[in-house]
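J.: From the sequence below, what's the structure:
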Amino acid sequence: MPLDADPLGLLTDLLAQAKRRGADAADAVMFSGASLAIAVRMGALEKLERAEARDLGLRVLIGKRQAIVSSNDFKRETLATLVERAVATARQAPEDPYTGIAEPDQLARTVPTLDICDDTEPAAEALVAAARTAEDAARAVKGVTNSEGAEIGWSRSVIALAASNGFARSYASSSNSIAASVLAGEGTAMERDYDFASAVYASDLRSPEEIGRTAGERAVQRLGARKTKSARVPIVFDSRVSGGLLRSLAGAINGASIARGTSFLKDKMGQPVFADGITVIDDPHRRRGLRSKPFDAEGLANGRVAVIDGGRLTTWFLDLASSRKLGLKPTGHAARGTASPPGPSPTNLYMEKGKVSRADMIKAIGEGFLVTEMIGMGVSIVTGDYSRGASGFWIENGELAYPVSEVTIAGNLKEMFKNLTPADDLEFKTGTDAPTCRVDGMTVAGT
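T.: Okay, the predicted model is just below:
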């Protein structure tokens, strides 16, 4: 079966086979696409890969029992065996009172146009040239002494979803990215830094020259990095890392965590969670958004929602199963792969920009720490405890005094969210984005 064949026809046929073999209900998802990956280092081409792939997953339900099987082999006899095994497995599976596909009246009726697919596949030669341009620009910065290379990627995917409730739709999306990473200094005094950009359309990316130059300048700025004293000071999260705070928020308001009672925000619906005036948006319909999609992975309608509105928590991220457990309506946040059932997940999640500039934010700090890179995943969604390795720049009298590395910053997300102030420099970079943020009352563990 070629990659451009009708995916919905294939999935609909699988569903019919499952019903004939005794399934009460079923749904199926298929991902197919192509990608290019280019890497250069020290001017030499290190990687040039083009791949085409396809994968499908079938979920069958018998009563409240379900089974999920997946395959990248689309031969007719293979798929027939797949259906047979799925139904047999479902008969033996434990019951789950919350499982099940959507009712017909819950399904998305219209599909918005999101402009999330660039159908033009770039020439490999052009990507190689752009990667070399980015690395050359980085290596041209005075003080840069070595390179980890530059990488450029492109991909295009088609996502198809069909279910026995009558839903059958598909959409296409694309992604383009560029990154450069270099080192400055010599011997044990070397420092590394990077820059990157990603977008749906290649024309929306920053230029290779800018990516490379910024990576080089950042590496040189980190020369002479050292530990600093332990202190309780304001922490400024650079916009490169501030999105991590939103990823922690997303985990804490995931409906599955709420239903299990394993989130520090489980009792905070409708209450102030952030400082007054802060708004966090999840928008699956953002034009050219990196994580935009016209419907969720269960065929439900989705749409823009203020997750945090004026500091208050307004919603959980709910799929059908978690909404049933909590006795609430689903929010259209289901996501899934081919080998697992749907689960709640955000789309284009971002914090709206504040009113103060990044420069003025730093100028207002007598002593503090600007974090530009983080290490480790020491965040507890159960308690909100937060502890991560960090590097960046020490702030003294409103100025960046010296680079810092090998320290730990710590706090608790409950207090961190309430003591957070956003700057006005929001950029959409990754799909989970926040402006530079100041958080008061955190601890830096240094010497």
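J.: can you give me the strands for the stretch 201-350 of the chain?
T.: Along the stretch 201-350 of the chain, counting by DSSP state E, counting those that start in this stretch, strands occupy 231-237, 280-282, 305-309, 312-313, 334-335, 343-344, 349-351.
J.: buried stuff in stretch 124-142?
T.: 124, 127-128, 130-139, 141 (16 or more other C-beta atoms under 10 Å). Bear in mind the C-beta positions are built from the backbone N, C-alpha and C, glycine included.
J.: no wait, stretch 353-363
T.: Under 16+ other C-beta under 10 Å, the buried positions of stretch 353-363 are Lys353, Gly354, Val356, Arg358, Met361, Ile362.
J.: before we move on, what about stretch 307-317?
T.: Residues of stretch 307-317 classed as buried: Val307, Ile308, Gly311, Arg312, Leu313, Thr314, Thr315, Trp316, Phe317 (neighbour count, 16+ other C-beta under 10 Å).
J.: quick check, nearest of the residues you listed to Asp296?
T.: Phe317 (10.3 Å; C-beta to C-beta).
J.: contacting residues for that closest one?
T.: Applying C-beta atoms under 8 Å, 6 or more residues apart in numbering to Phe317 gives the contacts Ala250, Ile253, Asn254, Gly255, Asp282, Thr331, His333, Pro344, Ser345, Pro346.
J.: 7 Å instead?
T.: Listed by C-beta atoms under 7 Å, 6 or more residues apart in numbering, the contact set of Phe317 reads Ala250, Ile253, Asn254, Gly255, Thr331, His333, Pro344, Ser345, Pro346.
J.: cool, Thr99 as well?
T.: Shown in contact with Thr99 (C-beta under 7 Å, 6+ apart): Leu61, Lys64, Gln66, Ala321.
J.: Mind jotting down where the helices sit in the protein?
T.: For the chain, the helices defined by DSSP state H cover 7-20, 76-92, 124-139, 208-221, 243-252, 255-260, 320-326, 358-363, 413-418.
J.: Quick one: those as a markdown table, columns for mean pLDDT too.
T.: Output for those, formatted as a markdown table (pLDDT from 0 to 100):
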| stretch | mean pLDDT |
| --- | --- |
| helix 7-20 | 96 |
| helix 76-92 | 96 |
| helix 124-139 | 98 |
| helix 208-221 | 98 |
| helix 243-252 | 98 |
| helix 255-260 | 96 |
| helix 320-326 | 98 |
| helix 358-363 | 98 |
| helix 413-418 | 98 |
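J.: Nearest to Lys229 among the ones you listed would be which one?
T.: Closest approach to Lys229 among those is made by helix 358-363 (19.1 Å; C-beta to C-beta).
J.: how far out from the middle of the chain is that closest one?
T.: Helix 358-363 has its C-alpha centroid displaced from the chain centroid by 28 Å (C-alpha atoms, centre = their mean, to the nearest Å).
J.: distance of Gly311 from Val273?
T.: 7 Å (C-beta to C-beta, to the nearest Å).
J.: Could you do Glu298 as well?
T.: Distance, Glu298 to Val273, by C-beta to C-beta: 27 Å.
J.: circling back: can you add distance to Thr228 and give the helices of the chain back as TSV?
T.: Shown next, in TSV, are the helices of the chain (distance: least, C-beta to C-beta, whole Å):
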stretch	distance to Thr228
helix 7-20	55
helix 76-92	56
helix 124-139	27
helix 208-221	16
helix 243-252	21
helix 255-260	35
helix 320-326	43
helix 358-363	16
helix 413-418	20
